[in-house]
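Q: structure for this input, please:
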Amino acid sequence: MSFLIIDDMDNMRRSIRAMLKLIQFGKEHYEAANGADAWKILNNKEISIDFIISDWKMPKMNGIELLSKVRASKKLRDTPFLIITAETNQTVIAEAAENDVDAYLTKPFVTATLEQKILGLLQSIAKPSPLATLLKKARLLREKGDINGAIACAQKAAEINNRSSRPLRELGRLFLLKKDMKSALLFFNKAIELNRVDVTSYHYLGQIYFAIGDIDKAISNYAMAVELSPRNSERAFKFAALLMEKKRLADAEKIFKIVIKNNKNDLDLLESVADACLEQQACGLAARTYQNVLREDPERWYLNKKLGTALQKNGKLHDAIEVFEKAIERSPSDIELLLSLAQSYLDIKMPIRADKWATKVIRMDPKNTSARTILDQCP
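A: Down below sits the predicted model:
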């Protein structure tokens with residue numbers, strides 16, 4: 001077998017590699033410092049990985065994010081995946097379960113513990129349980145388009161193991177594919193009755209209730225999913241956007257703050273968060289987020305226009321003026337930007353400067369009514 005060891009700590013990778021050699025596991029051992037580098041190795045056609053051992057907390061792409069990508073790949077999805085973590089809180093367990101982790105190991109551990117975990121995982125793959133066999137068959141039938149056959153397999157799985165939420169969750173997904181919302185709701189709710197931390201079922205319930213117009217229940221289920229697995233940025237973002245649609249801005253800001261906290265290095269995502277906040281008039285959070293993005297990446301100078309708008313709407317006119325003037329250095333012909341600057345100067349009772357910028361707009365667009373309105377207010 002070939003092993004891929006992923007950890008941002010060099011000494012931890014060396015330690016795991018030494019343990020594997022000691023117990024004579026692995027013909028080849030590949031290493032990566034984060035999930036992003038590991039993903040490149042996994043997609044290298046010249047390399048075949050049989051077993052993945054990954055740390056959970058890493059920069060660029062953490063272990064759960066990598067696991068999600070592996071499970072979404074038809075080529076890689078059945079690769080055994082062992083997560084190593086220094087934490088055993090509910091969030092870690094929920095995130096791992098949501099992405100169908102095979103096993104996880106808590107730091108610190110010794111060689112014997114690693115050997116036992118790997119052997120147990122390999123044994124479960126070599127001799128899968130009837131439940132696992134039926135669920136895999138249901139997945140294959142679903143992918144072939146045989147939804148009814150997949151439902152039959154999932155129902156058998158539910159009958160042979162009435163303590164697992166997995167077959168009920170799969171039945172919910174299958175009935176959702178058939179657009180049978182009533183049955184899908186039934187099975188996802190049954191899954192939650194068995195497993196109160198079944199994040200996936202809460203997520204789907206949120207989607208279904210939103211689709212059928214029951215917004216309060218949609219919000220309630222999305223909230224549970226976000227609480228259990230706050231690092232799923234896509235879900236949290238959608239949930240916050242939903243809250244904003246319902247004008248629950250304070251609650252939406254709380255969720256966006258979670259997204260920001262958990263994705264400090266994802267500047268594209270943070271920009272999207274700021275845009276959503278600005279659109280829904282949550283201008284204080286929008287301004288702070290734009291400022292953070294610009295601090296990390298000054299090349300996104302185009303955000304100064306949005307930052308200025310957020311500051312302007314938030315009543316911080318002097319700060320807005322400073323940002324608008326910086327933006328105009330790069331975009332001197334942006335009429336919307338010039339008008340915003342003129343209006344800001346007018347609002348702080350500096351009509352001469354307001355006149356200056358509004359006049360520039362008139363030179364470019366003599367019929368611009370907004371500029372005319374500003375000029376009419378300048379003595």
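
Q: which strands or helices does the lengthiest helix in the chain pack on?
A: The helix that spans the most residues within the chain, counting by DSSP state H, is helix 111-126. Under the contact criterion of 3 or more Cβ pairs under 8 Å, 6 or more residues apart in numbering; DSSP states H and E, helix 111-126 touches helix 10-22, strand 81-85, strand 103-106. Where C-beta positions appear, they are placed from N, C-alpha and C, glycine not excepted.

Q: what comes up buried for it?
A: 114-115, 117-118, 121-122 (16 or more other Cβ atoms under 10 Å).

Q: check stretch 249-264 too.
A: Buried residues in stretch 249-264 (16+ other Cβ under 10 Å): 249, 251-253, 255-260, 263.

Q: what sits up against that stretch?
A: Residues outside stretch 249-264 that contact it (Cβ atoms under 8 Å, 6 or more residues apart in numbering) are 226, 230-231, 233, 236-237, 239-241, 243-244, 269-270, 273, 276-277, 280-282, 285, 289, 292.

Q: torsion angles phi and psi at the residue nearest in space to the middle of the chain?
A: Central residue of the chain (Cα atoms, centre = their mean): Ser233, 2.4 Å from the mean position. Dihedral angles of Ser233 (phi, psi; degrees, to the nearest 10) stand at phi -70, psi -40.

Q: quick check: closest non-adjacent residue to Leu278.
A: Nearest non-adjacent residue to Leu278, counting by Cβ to Cβ, 6 or more residues apart in numbering: Ala286, 4.1 Å away.

Q: buried stuff in the one helix or strand the one you found maps to?
A: Using DSSP states H and E, the element containing Ala286 is helix 283-296. By neighbour count on 16+ other Cβ under 10 Å, the buried set for helix 283-296 is 283-294.

Q: hang on, the earlier thing: figure out which of the helices and strands packed on helix 111-126 is closest to Gly315.
A: strand 81-85 (44.7 Å; Cβ to Cβ).

Q: show me what that closest one is packed against.
A: Identification of packing neighbours for strand 81-85 by 3+ Cβ pairs under 8 Å, 6+ apart yields strand 51-55, helix 63-72, strand 103-106, helix 111-126.

Q: and the residue nearest to Gln312 when sequence neighbours are not counted, how many residues sit next to it?
A: Spatial nearest neighbour of Gln312, excluding adjacent residues (Cβ to Cβ, 6+ apart): Ala320 at 4.0 Å. A total of 25 residues lie near Ala320 under the criterion other Cβ atoms under 10 Å.

Q: need the phi and psi values for Ala320.
A: Backbone geometry at Ala320, expressed as degrees, to the nearest 10, gives phi -60, psi -40.

Q: touching, it and Leu311? I think so.
A: Yes: applying Cβ atoms under 8 Å, one finds Ala320 in contact with Leu311, separated by 3.9 Å.

Q: show me the shaky parts of the protein.
A: Residues of the chain that meet the criterion pLDDT under 70 lie in 88-100, 231.

Q: can you do 80?
A: For the chain, applying pLDDT under 80 flags the ranges 59-60, 86-102, 229-235, 245, 258, 262-265, 379.

Q: got the contact list for Lys305?
A: Shown in contact with Lys305 (Cβ under 8 Å, 6+ apart): 324, 327, 331, 334, 336-337, 340.

Q: now name the helix or strand holding it.
A: Using DSSP H and E, Lys305 sits within helix 303-313.

Q: quick one: that helix to helix 283-296, angle?
A: 150 degrees (axes from the mean of the first three to the mean of the last three Cα atoms, to 10 degrees).

Q: next, count neighbours for the residue lying closest to Thr85 once chain neighbours are set aside.
A: Closest residue to Thr85 apart from its sequence neighbours, by Cβ to Cβ, 6+ apart: Trp56 at 4.0 Å. Residues near Trp56, counting by other Cβ under 10 Å, number 23.

Q: picking that back up, closest one of the buried residues of stretch 249-264 to Asp8?
A: Of all these, Asp8 sits closest to Asn263, with 17.1 Å by Cβ to Cβ.

Q: against Pro59, how distant is the closest one?
A: Counting by Cβ to Cβ, to the nearest Å, the gap from Asn263 to Pro59 is 12 Å.

Q: ok so, going back, quick one: the helix holding Lys305 to chain centroid distance?
A: With Cα atoms, centre = their mean, to the nearest Å as the basis, helix 303-313 stands 26 Å off its chain's centre.

Q: only alpha carbons, please: show it as CSV.
A: The C-alpha coordinates for helix 303-313 follow below in CSV (Å, rounded to 0.1, in the frame of the first residue of the first chain):
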residue,chain,number,x,y,z
LEU,A,303,-13.0,47.5,-3.2
ASN,A,304,-12.3,51.0,-2.1
LYS,A,305,-15.4,52.2,-3.9
LYS,A,306,-17.5,49.6,-2.0
LEU,A,307,-15.8,50.4,1.3
GLY,A,308,-16.5,54.1,0.8
THR,A,309,-20.1,53.3,0.1
ALA,A,310,-20.4,51.2,3.2
LEU,A,311,-18.8,53.9,5.3
GLN,A,312,-21.0,56.6,3.8
LYS,A,313,-24.2,54.6,4.5
